[in-house]
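Asker: no letters, just coordinates:
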């Protein structure tokens, strides 16, 4: 690492080891470790999707267990993202990302060796905490070592990793489950080598200054935020599945979540080092990018999560084929992220891409709202490419806009807030739009069967098409086609509202200094002002 510099008396917050600016080669080497870490975080969420039925059957679990294996990781990841982000503003970012990778390894190993559903759920919580750290810290570290003006050149790498992890996860999970000498346990073991490789690469290549400062961690705020968020996430995840949206469980969870978060706001407004500094929302760019990220999460995740089910039920494809059919959207995302990033780095202008991304994403959602059980894959591919291009232009550049407009000392908090609200939006969208899909499927099947499906059973289980006669199969295929189109139709206004939000973001020149250099300047200015 770099040579240590002894701070002067009274220079709390000054770098103890002022790392020099990293070369492009050094940045790429460090990025390889960061992206290996991001890959395993994405893989953890996607690899089990095709394996869960076999896992639950082998461990003698129930439908409730099935839900909790998924929900536990989502809750832990989303609720801890703001905590990791704040810690990165206070402590050694390199140590924190290695800690999150280590937690992920431990959680993965315990999950792989689990012989009960209870232990598997606990291990998924540990995995989720580690994945939350990776989600928050990868972009924070990138901002620390790369100036905003240059970030676009590397965003294509991030987009590629996101795409590969998203597409490859279900495919890998399916192959592992179907391979007799491997099995579902390898769905958890497979990420361990990548995580260990990331730890080694980051140790060897990542050069960040060590910051020594007196800190007081807001433990109460952290507990209140995690508890409040968990209550609301439990509500949006379980409502419509485990209990009705209008029920006492809904009232209890929403009330608890709101009260806990209001208490968190009160605590955060009074402590010296809040987990989420409330003053960052006075920054117009941060406030608007946060709103846009929430809406993008609702629209994108809430809509696209049901495409695989549409491919399998309405179009009659296998799980593996359904996974491959999402490639056009992922390719659109990769290409637009890479091209937009290169142009932004070359010209320094970014707002146009946010606006274009919002328009194209809204158009993609609108186009997908026209699909049916008779849609051709060629037409679907075009629609998915359009949606992917819009998301690629919008998602990463919202983070760039926020990172460019906050003090370096708040990079971690600002970045994690955007990631948190995007994930929260995804959870809300998935649950709410899932309820819409279930209701519409039940309604369409009731029409098709002349009222025989009016009991709503269609909303509580996915039919096995292979066991249905041809006329019944056509009714089910039509029902899921209509319902999936409705999901995108309802999601489109959220994409449009995200566009409205980005229209009000003021474009500012991209800074040419890395987060490390800016932090050193801020600390020096703070020291000077005390003399």
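Answerer: Received the coordinates, thanks. Just so it is clear, the structure is predicted and the values come from calculations on it, not from any experiment.

Asker: what residue spans form the domains of the protein?
Answerer: 21-208, 216-272, 283-503+512-531 (automatic domain parsing).

Asker: how distant is the longest one from the center of its chain?
Answerer: A distance of 11 Å separates the C-alpha centroid of domain 283-503+512-531 from that of its chain, computed with C-alpha atoms, centre = their mean, to the nearest Å.

Asker: again, but for the second one
Answerer: On the basis of C-alpha atoms, centre = their mean, domain 216-272 sits 19 Å off its chain's mean C-alpha point.

Asker: picking up where we left off before, could the domains of the chain go into CSV alongside mean pLDDT and mean neighbour count?
Answerer: The way it works is simple: take the backbone N, C-alpha and C, and place the C-beta from them, glycine included. Formatted as CSV, those follow (pLDDT from 0 to 100; neighbours: other C-beta atoms under 10 Å):
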stretch, mean pLDDT, mean neighbour count
domain 21-208, 84, 21
domain 216-272, 87, 17
domain 283-503+512-531, 84, 20
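
Asker: state the distance from the residue nearest to the spatial centre of the chain to residue 135.
Answerer: With the centre of the chain defined as its mean C-alpha position, the nearest residue by C-alpha atoms, centre = their mean is residue 423, 4.8 Å away. Using C-beta to C-beta, to the nearest Å, residue 423 is found at 8 Å from residue 135.

Asker: need the overlap of contacts for these two.
Answerer: Here residue 423 and residue 135 have 77, 81 as joint contacts, going by C-beta atoms under 8 Å, 6 or more residues apart in numbering.

Asker: about what we covered before: now do the contacts for the residue nearest to the centre of the chain.
Answerer: Residue 423 touches 74, 77-78, 81, 135, 297, counting by C-beta under 8 Å, 6+ apart.

Asker: which ones among the residues you listed are found in strands?
Answerer: Within the contacts of residue 423, no residue falls in strands by DSSP state E.

Asker: out of the residues you listed, which is nearest to residue 416?
Answerer: Taking C-beta to C-beta as the measure, residue 81 is the one of these closest to residue 416, at 5.0 Å.

Asker: wait, doesn't the closest one sit right on residue 422?
Answerer: No - applying C-beta atoms under 8 Å as the test, residue 81 and residue 422 come out as separate, 9.5 Å apart.

Asker: tell me what whichever helix or strand residue 334 is part of is packed against?
Answerer: Assigned by DSSP states H and E, residue 334 belongs to helix 327-347. Judged by 3 or more C-beta pairs under 8 Å, 6 or more residues apart in numbering; DSSP states H and E, the packing partners of helix 327-347 are helix 148-178, helix 351-368, helix 377-404.

Asker: downstream of the longest helix anywhere in the chain, the next helix or strand is which one?
Answerer: When the chain is scanned for its longest helix (criterion: DSSP state H), the result is helix 411-448. For helix 411-448, the following helix or strand on the C-terminal side (DSSP H and E) is helix 470-503.

Asker: next, the angle helix 411-448 makes with that following helix.
Answerer: 150 degrees (axes from the mean of the first three to the mean of the last three C-alpha atoms, to 10 degrees).

Asker: quick check: next helix or strand after helix 470-503?
Answerer: Next element after helix 470-503 (DSSP H and E): helix 515-530.

Asker: now do that following helix against helix 377-404, angle only.
Answerer: Counting by the same axes, to 10 degrees, helix 515-530 lies at 20 degrees to helix 377-404.

Asker: nearest to residue 523, of the helices and strands packed on helix 327-347?
Answerer: helix 377-404 (18.3 Å).

Asker: identify the residue nearest residue 141 in space, chain neighbours excluded?
Answerer: Excluding the flanking residues, the one nearest residue 141 by C-beta to C-beta, 6 or more residues apart in numbering is residue 93, at 5.4 Å.

Asker: same check on residue 383?
Answerer: According to C-beta to C-beta, 6+ apart, the nearest residue to residue 383 is residue 367 (4.2 Å).

Asker: name the helices or strands packed onto the helix or strand in which residue 250 is found?
Answerer: Assigned by DSSP H and E, residue 250 belongs to helix 248-268. The contact analysis (3+ C-beta pairs under 8 Å, 6+ apart) places helix 248-268 against helix 219-238.

Asker: show me what the helix it packs on packs onto, helices and strands only.
Answerer: helix 63-90, helix 248-268, helix 411-448.

Asker: for residue 172, find the nearest of those.
Answerer: Closest among the helices and strands packed on helix 219-238, using C-beta to C-beta: helix 63-90, at 16.7 Å.

Asker: could you report the separation of residue 374 from residue 435?
Answerer: 26 Å.

Asker: check residue 383 too.
Answerer: Taking C-beta to C-beta, one finds residue 383 at 24 Å from residue 435.

Asker: again, but for residue 307
Answerer: With distances taken as C-beta to C-beta, residue 307 is found 17 Å from residue 435.

Asker: again with residue 523
Answerer: Residue 523 sits 50 Å away from residue 435, going by C-beta to C-beta.

Asker: same check on residue 78?
Answerer: 19 Å.

Asker: and for residue 334?
Answerer: Distance from residue 334 to residue 435, by C-beta to C-beta: 32 Å.

Asker: can you check residue 186 too?
Answerer: 34 Å.

Asker: tell me what the strand or helix carrying residue 287 is packed against?
Answerer: Per DSSP H and E, residue 287 falls inside helix 284-304. Counting contacts by 3+ C-beta pairs under 8 Å, 6+ apart, helix 284-304 is packed against helix 351-368, helix 377-404, helix 411-448, helix 470-503.

Asker: got those as CSV, with distance to residue 129 columns?
Answerer: Output for the helices and strands packed on helix 284-304, formatted as CSV (distance: least, C-beta to C-beta, whole Å):
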stretch, distance to residue 129
helix 351-368, 31
helix 377-404, 22
helix 411-448, 14
helix 470-503, 29
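
Asker: for residue 151, which of the ones you listed is the nearest?
Answerer: helix 377-404 (5.6 Å).

Asker: quick one, what contacts the residue nearest to residue 345 when sequence neighbours are not counted?
Answerer: Computed as C-beta to C-beta, 6+ apart, the closest residue to residue 345 that is not its neighbour in sequence is residue 152, at 3.9 Å. Each residue near residue 152 by C-beta under 8 Å, 6+ apart is listed here: 340-345, 350, 400.

Asker: again, only using 6 Å
Answerer: Applying C-beta atoms under 6 Å, 6 or more residues apart in numbering to residue 152 gives the contacts 341, 344-345.

Asker: looking at those, spot the one nearest residue 502.
Answerer: Nearest to residue 502 among the contacts of residue 152, counting by C-beta to C-beta, is residue 344 at 14.4 Å.

Asker: need the contact list for that closest one.
Answerer: Contacts of residue 344 by C-beta under 6 Å, 6+ apart are 152, 350.

Asker: one more: residue 427?
Answerer: Applying C-beta under 6 Å, 6+ apart, the residues contacting residue 427 are 233, 236.

Asker: now it: how far from residue 321?
Answerer: In terms of C-beta to C-beta, residue 427 sits 27 Å off from residue 321.

Asker: residue 414 now?
Answerer: For residue 414 relative to residue 321 (C-beta to C-beta), the value is 41 Å.

Asker: grab the nearest non-local neighbour of residue 134.
Answerer: Closest to residue 134 by C-beta to C-beta, 6+ apart is residue 41, at 4.0 Å.

Asker: so that neighbour touches residue 131, yeah?
Answerer: Yes - using C-beta atoms under 6 Å, residue 41 is in contact with residue 131, at 4.2 Å.

Asker: make CSV out of the helices and strands packed on helix 327-347 and add distance to residue 493.
Answerer: Listed next are these as CSV, based on distance: least, C-beta to C-beta, whole Å:
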stretch, distance to residue 493
helix 148-178, 25
helix 351-368, 8
helix 377-404, 15
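
Asker: nearest to residue 228, out of those?
Answerer: helix 377-404 (22.7 Å).

Asker: measure how that closest one sits relative to helix 327-347, angle-wise.
Answerer: Going by the same axes, to 10 degrees, helix 377-404 makes 40 degrees with helix 327-347.
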